[in-house]
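What shape does this take:
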Amino acid sequence: DTACSTTQWISDSLLTCAVGGRFTVGGGPGVGTNLPVMAEVGTQEGTLQKPFGYFPPTVTALSSPNSPANGDKTIVIYGSSIGTHDYTPVGTVGTTDCKVTQWQSDSSVRCVTAAATTFLAGQN
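Now for the predicted structure:
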């Protein structure tokens, strides 16, 4: 569960919530889909199931479009909605996971490429 970092009452039927602050392993601010939203007023609460989700990550560019067949080339994968914290992302090239994926920011991760597989070799 992620609490609002700030909540503002607007009217009898409207609250605003800024998401941020604490997070738990496997989730947190900016991660997830089909998330329930709950409002608590005094001792009463109401929950709406599956109304909210964050945008999934998108890839927009690479620092280099090629790697040697034996891999071990570090590339930067650029995009958006990668995560506001290090949620242990996994980069892939074709169907092969990067040997190492290192989160840098919400807009980039570093990937150390693996050796080419039969699938990848057929694409060159």
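
Run a quick neighbour tally on residue 94.
Neighbour count for residue 94, taken as other Cβ atoms under 10 Å: 13. Heads up, the C-betas are built off the backbone N, CA and C, glycines and all.

go on, residue 31?
19.

my guess is it meets residue 87, correct?
Yes. Using Cβ atoms under 8 Å, residue 31 and residue 87 qualify as a contacting pair, with a distance of 6.0 Å.

ok, which stretches of the chain are strands?
Assigned by DSSP state E, the chain shows strands spanning 4-11, 14-19, 35-41, 44-52, 58-62, 74-80, 92-93, 96-97, 100-105, 108-112.

Just put these in CSV and tack on mean neighbour count, distance to residue 68 and mean pLDDT.
Listed next are the strands of the chain as CSV, based on neighbours: other Cβ atoms under 10 Å; distance: least, Cβ to Cβ, whole Å; pLDDT from 0 to 100:
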stretch, mean neighbour count, distance to residue 68, mean pLDDT
strand 4-11, 10, 46, 82
strand 14-19, 12, 42, 77
strand 35-41, 12, 42, 81
strand 44-52, 10, 44, 80
strand 58-62, 12, 15, 94
strand 74-80, 17, 12, 95
strand 92-93, 16, 12, 90
strand 96-97, 14, 14, 90
strand 100-105, 14, 16, 95
strand 108-112, 20, 12, 96
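
need the contact list for residue 98.
Contact analysis of residue 98 by Cβ atoms under 8 Å, 6 or more residues apart in numbering lists 90-92, 111-114.

So in terms of bridging, what pairs with residue 79?
residue 59 (DSSP bridges).
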